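1. Need a 3D model of the sequence below.
(chains A and B)
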Amino acid sequence: MMRSLFVYIIVFFAITISSARGQDSPDALVNRASQLIDSTETMLNIRAQRFNEEMVKMNALKPLEIVSLAKETIPKSREKIKDFLSYLEVYRSLSAKMKKEIDDSVSNLRSKMSAHHRASFLKEFLDAYDLEQSALDKYTVGLTKFYTNINAVLEFIETSNVTLKDNKLQFTNKEEYEKYSELIEAVEKSNKKLINASATSQKATIDASAMMQKAYGAIRK
Amino acid sequence: MKKYFFKHLFLSGLGASLLFCSVCTSHVIAQPKETPDSVRSKALGCLYRAIKSLNDRNIRFKAMQEELEDMRPLEPQSMDSVHFANNLIKVSKYLLFLESHRRQITHNTRVFSDSIERFKSLMGSEEERKSLTKFLDAYKEESSAFIGYSQRLSLLLTDIRTALFYLETVPMERKGNDITFNTDRSANEKYLDFESMITAGQMHVDNAIAKMIKLTEKENKAIQESITLLNK
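-> Below is the predicted model:
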């Protein structure tokens, strides 16, 4: 988990450095803009790869499957979920910093352009980045809600009089069963929202990638 | 509709011969000092690999769709604890697969898109560049539609899982094809709600498939145009 954050931070600083240097001739500006698009795309690829690695680990956890609901397994699952929730928070905060850094870099490049080209320079690139980032943010917020709801179910099972018998959860108290059903319903609802957010984010990534390629072509013209 | 969709994909004229060609072609990244012919050959290799990947994907999903159809999770013969537990495991497995597969589609589209852009930059003819652009657009459109289909399938599976979670805990009796809930009426009403929710979900999946059929036809046309042009 830490490795992915370090890589993310290194690329983050690489973008900052690449956007800060260079001359102000038109060619130099085009080169710097190309570098910005290149390093952003590299960052997005690395970020997606690292994020997928984290998701693979979380998917392997299967915290609500019967085999994971033994009293000795639940605390371990909850610990991993807690770590993942922290990871998502750090991830979002780094993404927000990255977005600000990219906005600043574009503003800096625009300030060196003629007034005529200023507003449109790298606009497509920024739009693509925003499209991908906002969809991803919604997805990670969805993940946070989903895993928070799962954590609530596990916490409830940990503290209630539920037993495991014949591969099934058995409740002896009706109120506890109703509470459990309520918590599971919340998990399923958040899961459906997560599925929609995930698909939207994947589609946005495909669209954003095409927009970035167009932006790259546009500044090279 | 579903059966037609997969049959349509396999009989789209791009099947076995293209798979064979894709195996024969091994270069992806264009090297320096390319000749127009070598660029064309590598671009073709890239297209064939994309087609192979789409065919593999469709084979995998056809198998999954058939397994899902065989499951019949709310039919009387599936209403016992053994079936509930087995079906829950299957549904969870499919949900994980679909989620990771959607991420894989996005990754593959990105890689494929980068390769095509690279080949476009090396192509001498404007006609060839346009043809690759057209194919890439169709490929992306179809990938987005496939993500939409996978999303609908995941929502349907989530509804099935919710129903199974509930039914697993409700006392019931089965006599032949009749199910009697041994609690108040609300259990039966809830069961009927689940049934209609799942039927609605299946309709959404079918609509997503119908949308994909149209886009697959468009994609096939673009592929054939590109291949014909690059083979000249």
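2. And the helices in chain B?
-> Assigned by DSSP state H, the helices in chain B fall at B:2-10, B:16-24, B:36-71, B:81-122, B:126-168, B:185-231.
3. scratch that, chain A
-> A:2-20, A:26-61, A:74-111, A:115-118, A:123-159, A:174-220.
4. Close to chain B: what parts of chain A are there?
-> Counting by C-beta under 8 Å from any C-beta of the partner chain, the residues of chain A close to chain B are A:45, A:48-49, A:52, A:55-56, A:59, A:62, A:65-66, A:166-169, A:171, A:177, A:181, A:184-185, A:188, A:191-192, A:195-196, A:198-199, A:202-203, A:205-207, A:209-210, A:213. (Each C-beta comes from the backbone N, C-alpha and C, glycine too.)
5. Mind doing that once more with 6 Å?
-> A:52, A:59, A:167, A:184, A:188, A:191-192, A:195, A:199, A:202-203, A:205-206, A:209, A:213 (C-beta under 6 Å from any C-beta of the partner chain).
6. Most neighbours among those residues, please name it.
-> The residue in the residues of chain A next to chain B with the most neighbours, by other C-beta atoms under 10 Å in any protein chain shown, is A:Gln202 (28 neighbours).
7. how close does the spatially closest residue to A:Ala135 that is not a sequence neighbour get to B:Leu68?
-> The shortest distance from A:Ala135 to any non-neighbouring residue, by C-beta to C-beta, 6 or more residues apart in numbering or on different chains, is to A:Ala204 (3.6 Å). As defined by C-beta to C-beta, to the nearest Å, A:Ala204 lies at a distance of 28 Å from B:Leu68.
8. returning to what we had before: show me which pair in the residues of chain A next to chain B is furthest apart.
-> Pairwise distances among the residues of chain A next to chain B were taken by C-beta to C-beta; the largest, 50.8 Å, belongs to A:Asn167 and A:Gln213.
9. quick one: pLDDT of the residue of chain B found nearest chain A?
-> Relative to chain A, the nearest point of chain B is B:Gln151 (3.6 Å; C-beta to the nearest C-beta). Per-residue pLDDT puts B:Gln151 at 95.
10. what's near enough to touch it?
-> By C-beta atoms under 6 Å, 6 or more residues apart in numbering or on different chains, the contact set of B:Gln151 is A:Ile195, A:Ala199.
11. Spell out which parts of chain B neighbour chain A.
-> Contacts of chain B with chain A, taken as C-beta under 6 Å from any C-beta, map to B:85, B:96, B:102-103, B:106, B:109-110, B:113, B:117, B:140, B:143-144, B:147, B:151, B:154-155, B:158, B:162, B:165.
12. Run through chain B and note the low-pLDDT ranges.
-> B:1-33, B:184 (pLDDT under 70).
13. Repeat the analysis, applying 80 as the threshold.
-> B:1-34, B:169, B:182-185, B:232 (pLDDT under 80).
14. same thing with chain A?
-> For chain A (pLDDT under 80), the answer is A:1-24, A:26, A:117, A:165-168, A:217-221.
15. Single out the most deeply packed of the helices of chain B.
-> Highest mean neighbour count among those (mean count of other C-beta atoms under 10 Å in any protein chain shown): helix B:126-168, with a mean of 21.
16. relative to helix B:36-71, how tilted is that one?
-> Helix B:126-168 and helix B:36-71 meet at an angle of 20 degrees, taking axes from the mean of the first three to the mean of the last three C-alpha atoms, to 10 degrees as the criterion.
17. Now do helix B:126-168 against helix B:185-231, angle only.
-> Going by the same axes, to 10 degrees, helix B:126-168 makes 160 degrees with helix B:185-231.
18. Residue of chain A nearest chain B, please.
-> Proximity of chain A to chain B (C-beta to the nearest C-beta) peaks at A:Ala199, 3.6 Å away.
19. Not counting its neighbours along the chain, what's nearest that residue?
-> Looking at A:Ala199 with C-beta to C-beta, 6+ apart, the closest residue is B:Gln151, at 3.6 Å.
20. can you tell me how far the one you found sits from A:Ile150?
-> On the measure of C-beta to C-beta, B:Gln151 and A:Ile150 end up 21 Å apart.
21. rewinding a little: was I right about the residue nearest to A:Ala135 contacting A:Gln133?
-> No. Counting by C-beta atoms under 6 Å, A:Ala204 does not reach A:Gln133; the two are 8.8 Å apart.
22. who has more neighbours, the two?
-> A:Ala204 (22 against 19).
23. who's in contact with the more buried one?
-> Here A:Ala204 is in contact with A:Leu131, A:Glu132, A:Ala135 (C-beta under 6 Å, 6+ apart).
24. got those as JSON lines, with neighbour count and distance to A:Arg78 columns?
-> Listed next are the contacts of A:Ala204 as JSON lines, based on neighbours: other C-beta atoms under 10 Å in any protein chain shown; distance: C-beta to C-beta, whole Å:
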{"residue": "A:Leu131", "neighbour count": "17", "distance to A:Arg78": "35"}
{"residue": "A:Glu132", "neighbour count": "22", "distance to A:Arg78": "32"}
{"residue": "A:Ala135", "neighbour count": "20", "distance to A:Arg78": "29"}
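25. What are the buried residues along stretch A:159-177?
-> A:Ser160, A:Val162, A:Leu169, A:Phe171, A:Glu176, A:Tyr177 (16 or more other C-beta atoms under 10 Å in any protein chain shown).
26. for stretch A:83-90, same thing?
-> Buried, per 16+ other C-beta under 10 Å, within stretch A:83-90: A:Phe84, A:Tyr87, A:Leu88.
27. Over to stretch A:41-51?
-> Buried positions in stretch A:41-51, judged by neighbour count with 16+ other C-beta under 10 Å: A:Glu41, A:Met43, A:Leu44, A:Asn45, A:Arg47, A:Ala48, A:Arg50, A:Phe51.
28. which one of those residues is nearest A:Phe125?
-> A:Glu41 (9.8 Å).
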